[in-house]
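**Student:** Output the structure for:
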Amino acid sequence: MNDRELHNQCVQRIIELANTMKDEEIDPRMVSAALMAASGIYATYTVAGNAGALESTGVDKVVAMYRKNLEHIQERKKAEIQSGGA
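**Tutor:** Alright, predicted model coming up:
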């Protein structure tokens, strides 16, 4: 399995967990907020470890990465909608 396939598989597993929580009648906005919090915690861990924290420049880098990723997701979603695949 290549990195892209593994990435997509990881994303799908997280979405399945989020949908399970939604199906347990947890507000999707709460699930989304929890996913964002978990992602921020894990991003910090991957850079600074369990005992560390990000400096403001590190926070800026993570925010820029999230923004770029979200913009990419939205471009793909719009293209999907325009092609009738939504």
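
**Student:** Let me know whether Ala48 touches Val59 as I believe.
**Tutor:** No. Assessed by CB atoms under 8 Å, Ala48 is found out of contact with Val59, at 11.0 Å. No exception for glycine: its C-beta is placed from N, CA and C like everyone else's.

**Student:** Which segments of this protein make up each domain?
**Tutor:** 1-53, 55-86 (automatic domain parsing).

**Student:** can I get these in a markdown table with mean pLDDT and mean neighbour count?
**Tutor:** Listed next are the domains of the chain as a markdown table, based on pLDDT from 0 to 100; neighbours: other CB atoms under 10 Å:
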| stretch | mean pLDDT | mean neighbour count |
| --- | --- | --- |
| domain 1-53 | 95 | 11 |
| domain 55-86 | 92 | 11 |
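
**Student:** Can you spell out which helices and strands pack onto the lengthiest helix in the chain?
**Tutor:** Criterion DSSP state H: the longest helix present in the chain is helix 56-82. Packed against helix 56-82 by the contact rule (3 or more CB pairs under 8 Å, 6 or more residues apart in numbering; DSSP states H and E) you find helix 28-48.

**Student:** Is Asn50 in a helix, a strand, or coil?
**Tutor:** coil (DSSP: H, G, I helix; E, B strand; the rest coil).

**Student:** Quick check: the gap between it and Leu70.
**Tutor:** Distance of Asn50 to Leu70, given as CB to CB, to the nearest Å: 27 Å.
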